[in-house]
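Engineer: heads up, no residue letters with this:
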């Protein structure tokens with residue numbers, strides 16, 4: 001016999017989940033208590049449920065395992081819905097455990113009651129409510145299976161408060177064994193013939209494309225085909241950015257740089273969904289282009305494990321006749337050279353402020369290639385896109401949902417997944433202020449090798465840019481002013497540094513990397529630097 005709390009923790013151990021992120025609540029006290037009896041699952045308390053969710057999201061991206069967060073009902077679970085939505089849009093395996101009202105009170109508008117099952121179905125891959133203690137172990141395995149398989153995503157598990165006080169007879173939970181689904185041989189052979197016969201091919205690589213330290217099939221396939229390569233929306237590390245065939249991160253590119261994508265005969269999309277920004281406003285595919293979509297999603301044209309499909313396609317195209325691949329390669333190399341020329345920043349103006357393009361270039365020069373970047377949403381991310389280079393897989397952590405407030409908790413989640421790596425959270429002042437309380441979490445955990453950079457221009461730059469384009473001279477609601485974020489950092493236990501020019505920024509960055517505590521660098525930037533491609 002085991003308590004329901006222990007059954008939950010044992011299920012986490014079986015899934016390989018080494019970190020669980022939470023904001024404690026009285027609705028799931030028996031589960032919290034069970035963590036006292038295990039040593040190999042770490043319970044990390046965040047300041048806010050949004051922060052806990054983003055930490056779990058980044059931990060999942062860093063490890064490839066399901067991320068897990070635990071919150072209480074009502075305000076707790078609704079605060080965490082931002083992370084749920086991010087995991088749904090990113091197709092990140094994520095399980096959110098939420099303490100619920102007692103079973104007898106369900107459906108009676110009880111204190112802080114929320115329809116957890118409906119929430120999971122609305123924002124994720126499903127919702128599960130554990131109503132009988134004897135079914136808990138099986139239902140937990142189902143939750144993790146739903147989060148991992150097919151189209152990965154978030155699952156909400158409702159734990160009614162009184163169920164947690166019960167026990168059940170269980171066997172040891174089984175270690176999950178998820179088989180890799182491979183496309184049919186006929187589908188792959190047809191795909192290889194289509195690729196080899198095309199006069200031009202554009203490859204869009206996503207986070208699930210399979211490039212890793214141990215698998216270079218995607219890169220070899222691009223070399224073999226001689227195809228121009230782009231990275232999908234906010235999946236910057238899906239392909240080595242210094243590769244001569246790489247032409248940039250979508251969609252923030254000039255018309256010249258996206259021209260090879262628009263004119264390609266075949267568009268090969270691997271490991272990402274066809275979202276608005278990856279398809280340049282749903283304009284790709286266009287003009288009779290053939291689309292080959294390789295993804296785990298069942299509605300992909302080549303549905304199955306991306307790494308397995310890419311490896312098999314590589315084998316097939318290697319035995320095909322040369323065809324037009326040399327002409328494709330020459331055109332793709334020209335596109336790659338144009339892109340390489342685009343990320344050299346102009347000379348910084350001596351204005352008494354940090355020049356954003358050159359500050360990002362400094363990050364590129366100073367940080368090691370395996371440093372992890374947790375990137376927030378905001379106008380600074382366009383500059384990060386243009387002037388930074390991702391050279392290793394799993395070194396960018398961000399959301400495709402455009403959620404602000406990710407950088408700080410995302411950096412913490414990535415750091416806990418890879419303690420020996422340098423992790424840098426990069427945010428604007430708007431997103432930074434949303435979750436800056438989590439700096440206290442980083443300090444409480446005693447983390448070092450964690451640097452938070454806030455590019456502070458005093459405005460919501462992304463929204464101001466849109467307003468200026470549509471309603472020039474009538475910008476409203478976007479002025480934030482400035483604050484002493486470096487002083488806030490000091491008050492929370494971190495080292496706070498301030499930079500007012502690029503020399504100070506570089507010096508602060510070196511000091512931050514050498515520090516043995518979390519560091520916040522407040523870099524004051526110009527409010528008119530809101531378009532990276534001007």
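Structural biologist: That came through, no problem. All values reported here derive from a predicted model rather than from experimental measurement. Numbering: from 1, shown residues only.

Engineer: Residues touching the longest helix seen in the chain, excluding its own?
Structural biologist: For the chain, the longest helix by residue count, based on DSSP state H, is helix 325-342. The contact list for helix 325-342 (CB atoms under 8 Å, 6 or more residues apart in numbering) reads 196, 198-201, 224-229, 243-248, 253-254, 256-257, 259-260, 386. C-beta: built from backbone N, CA, C; applies to glycine.

Engineer: What residues sit buried inside the one helix or strand residue 32 maps to?
Structural biologist: Per DSSP states H and E: residue 32 is located in helix 29-34. Judged by neighbour count (16 or more other CB atoms under 10 Å), helix 29-34 contains these buried residues: 29, 30, 31, 32, 34.

Engineer: So the last one is in contact with residue 3, correct?
Structural biologist: Right, the one you point to is residue 34. Yes - the criterion here is CB atoms under 8 Å, and residue 34 meets it with residue 3 at 6.4 Å.

Engineer: Poorly predicted segments of the stretch 1-150 of the chain, please.
Structural biologist: Judged against pLDDT under 70, the stretch 1-150 of the chain has no low-scoring part.

Engineer: Can you show me the helices along it?
Structural biologist: 4-14, 29-34, 49-63, 75-79, 81-90, 116-123, 136-148 (DSSP state H, counting those that start in this stretch).

Engineer: now for the first one, which elements pack on it?
Structural biologist: Yep, that's helix 4-14 we're talking about. helix 29-34, helix 136-148, strand 167-168 (3 or more CB pairs under 8 Å, 6 or more residues apart in numbering; DSSP states H and E).

Engineer: So which residues of the stretch 251-400 of the chain form strands?
Structural biologist: Applying DSSP state E, counting those that start in this stretch to the stretch 251-400 of the chain gives strands spanning 266-270, 290-295, 302-303, 372-375, 396-397.

Engineer: Quick check: end-to-end length of stretch 282-302?
Structural biologist: End-to-end distance for stretch 282-302, by CA to CA, to the nearest Å: 20 Å.

Engineer: What residues sit buried inside that stretch?
Structural biologist: 284, 285, 289, 290, 292, 293, 294, 295, 296, 297, 300, 302.

Engineer: what's in contact with stretch 300-319?
Structural biologist: Here stretch 300-319 has contacts from 180-183, 187-189, 191-192, 195-196, 208-210, 212, 215, 217-218, 220-221, 224-225, 270-271, 291-297, using CB under 8 Å, 6+ apart.

Engineer: Write a ChimeraX command that selects only the buried members of the residues you listed.
Structural biologist: Only the buried entries of the contacts of stretch 300-319 go into this ChimeraX selection, using 16+ other CB under 10 Å:
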select :182,183,187,188,191,192,195,196,208,209,210,215,217,218,221,224,225,270,271,292,293,294,295,296,297
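
Engineer: Show me the contacts of stretch 300-319 that map onto strands.
Structural biologist: Using DSSP state E, 270, 291, 292, 293, 294, 295 are the members of these that sit in strands.

Engineer: rewinding a little: would you mind putting the buried residues of helix 29-34 into JSON lines with distance to residue 377 alongside?
Structural biologist: JSON lines is the format used below for the buried residues of helix 29-34 (distance: CB to CB, whole Å):
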{"residue": "29", "distance to residue 377": "35"}
{"residue": "30", "distance to residue 377": "37"}
{"residue": "31", "distance to residue 377": "32"}
{"residue": "32", "distance to residue 377": "32"}
{"residue": "34", "distance to residue 377": "36"}
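
Engineer: and the helix holding residue 32, what other elements does it pack with?
Structural biologist: Using 3+ CB pairs under 8 Å, 6+ apart: helix 29-34 touches helix 4-14.

Engineer: Pick out the residue nearest the middle of this structure.
Structural biologist: residue 398 (3.5 Å; CA atoms, centre = their mean).

Engineer: any idea how far that residue lies from residue 427?
Structural biologist: Taking CB to CB, to the nearest Å as the measure, residue 398 falls 11 Å from residue 427.

Engineer: okay, and the common contacts of the two?
Structural biologist: Counting by CB under 8 Å, 6+ apart, the contacts common to residue 398 and residue 427 are 376, 406.

Engineer: Residue 453: which of the buried residues of helix 29-34 is nearest?
Structural biologist: Distance to residue 453 across those (CB to CB) is lowest for residue 32, with 34.1 Å.

Engineer: In contact with the closest one, which residues are there?
Structural biologist: Residue 32 sits in contact with 5, 22, 24, 43, 70, where contact means CB under 8 Å, 6+ apart.

Engineer: Please apply the same query to residue 43.
Structural biologist: 20, 22, 32, 35.

Engineer: Counting neighbours, which of those end up buried?
Structural biologist: For the contacts of residue 43, a burial check counting by 16+ other CB under 10 Å picks out 20, 22, 32, 35.

Engineer: Next, format these as JSON lines and append distance to residue 170.
Structural biologist: Output for the buried ones among the contacts of residue 43, formatted as JSON lines (distance: CB to CB, whole Å):
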{"residue": "20", "distance to residue 170": "20"}
{"residue": "22", "distance to residue 170": "23"}
{"residue": "32", "distance to residue 170": "20"}
{"residue": "35", "distance to residue 170": "18"}
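
Engineer: if we take those residues, which one ends up nearest to residue 497?
Structural biologist: Closest to residue 497, out of all of these and judged by CB to CB, is residue 22, at 30.7 Å.

Engineer: these two touch, right, the closest one and residue 80?
Structural biologist: No - if you go by CB under 8 Å, residue 22 and residue 80 don't touch, sitting 10.1 Å apart.

Engineer: shared neighbours, the two?
Structural biologist: Counting by CB under 8 Å, 6+ apart, the shared contacts of residue 22 and residue 80 are 52, 69, 71.

Engineer: Could you dump those into TSV with neighbour count added?
Structural biologist: Shown next, in TSV, are the shared contacts of residue 22 and residue 80 (neighbours: other CB atoms under 10 Å):
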residue	neighbour count
52	32
69	33
71	30
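
Engineer: which one of the contacts of residue 43 sits closest to residue 148?
Structural biologist: The nearest one, if we look at these relative to residue 148 and count by CB to CB, is residue 20, at 16.8 Å.

Engineer: For the closest one, list each beta-bridge partner.
Structural biologist: residue 43 (DSSP bridges).

Engineer: for it, what are its contacts?
Structural biologist: Each residue near residue 20 by CB under 8 Å, 6+ apart is listed here: 12, 35, 41, 42, 43, 44, 56, 68, 69, 70.

Engineer: What's the ChimeraX syntax to select whichever of those are buried?
Structural biologist: To isolate the buried subset of these in ChimeraX, counting by 16+ other CB under 10 Å, use the following:
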select :12,35,41,43,44,56,68,69,70
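
Engineer: export the contacts of residue 20 to a markdown table and tack on distance to residue 334?
Structural biologist: Output for the contacts of residue 20, formatted as a markdown table (distance: CB to CB, whole Å):
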| residue | distance to residue 334 |
| --- | --- |
| 12 | 51 |
| 35 | 57 |
| 41 | 52 |
| 42 | 50 |
| 43 | 53 |
| 44 | 48 |
| 56 | 43 |
| 68 | 47 |
| 69 | 46 |
| 70 | 52 |
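
Engineer: so which two of the contacts of residue 20 are the farthest from each other?
Structural biologist: Every pair of those checked by CB to CB; the farthest is 35 and 56, at 15.2 Å.

Engineer: how deep is the nearest residue to residue 437 once chain neighbours are set aside tucked in, by neighbour count?
Structural biologist: Nearest residue to residue 437 in three dimensions, chain neighbours excluded: residue 47, at 4.1 Å (CB to CB, 6 or more residues apart in numbering). For residue 47, the neighbour count with other CB atoms under 10 Å is 19.
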